[in-house]
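# Here is my input; please provide its structure:
(one chain, ligands or ions: 1)
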Amino acid sequence: MAEDPYTACAEQLALTPGLVRQLLVDHAPTEDGWCQGHHGHHERHPCSIRRLAEMARAHATANGRLRTPA
Ligand SMILES: [Zn+2]
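Okay, the predicted model is just below:
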C-alpha cells in the first residue's frame, strides 16, 4: 500500500471499477470548463475527485489482469 494517502485511496478505489466509472461520469466537464458533479458551488474541471478517479482508473488499468472483480 502506498504511503501517500491520496495514492492509497486511489488504489483502494481501483478495486471498485463501477464506482470509478460513475465518478468519472458524474465529474465530467461542462462546456464552460467547470465540473458538473457539484451542487451549490462551482469547481474547476478537473476537480480533486475527478483527479482521484483518474488515478484510480490508471491503477485499475495497470492491475486489470490481477484484480478481476468477482
Ligand atoms: Zn467534481
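
# thought Ala60 was touching Arg21?
No - between Ala60 and Arg21 there is no contact under Cβ atoms under 8 Å: 9.5 Å. Placement of C-beta: from N, CA and C, glycine included.

# Show the contacting residues for the residue nearest in space to the middle of the chain.
In the chain, the residue lying closest to the centroid (Cα atoms, centre = their mean) is Ala53, at 0.7 Å. When contacts are counted by Cβ atoms under 8 Å, 6 or more residues apart in numbering, Ala53 is found next to Leu13, Val20, Leu23, Leu24, His27.

# Are we agreed that Tyr6 is in a helix?
Yes - with DSSP: H, G, I helix; E, B strand; the rest coil as the criterion, Tyr6 is assigned to a helix.

# ok so, going back, compare Ala60 and Arg21 and say which is more crowded by neighbours.
Neighbour count, other Cβ atoms under 10 Å: between Ala60 and Arg21, Ala60 has more, with 20 against 14.

# Now the more buried one. Nearest residue, chain neighbours left out?
With sequence-adjacent residues excluded and distances taken as Cβ to Cβ, 6 or more residues apart in numbering, Ala60 is closest to Ala14, at 4.1 Å.

# Could you double-check that that neighbour sits in contact with Glu54?
No - judged on Cβ under 8 Å, Ala14 makes no contact with Glu54 at a distance of 10.9 Å.

# and those two? which has more neighbours close in?
Using other Cβ under 10 Å as the criterion, Ala14 and Glu54 rank with Ala14 on top: 22 against 16.

# can you tell me which residues contact that one?
Residues in contact with Ala14 (Cβ under 8 Å, 6+ apart) are Val20, Ala56, Arg57, His59, Ala60, Asn63, Arg67.

# Counting residues, name the longest helix you see in the chain.
In the chain, assigned by DSSP state H, the helix with the most residues is helix 48-62.

# What residues are bridge-paired with the residue nearest to Cys47 when sequence neighbours are not counted?
Once flanking residues are discounted, Cys47 sits nearest to Cys35: 4.3 Å by Cβ to Cβ, 6+ apart. As for beta bridges, Cys35 partners with Pro29 under DSSP bridges.
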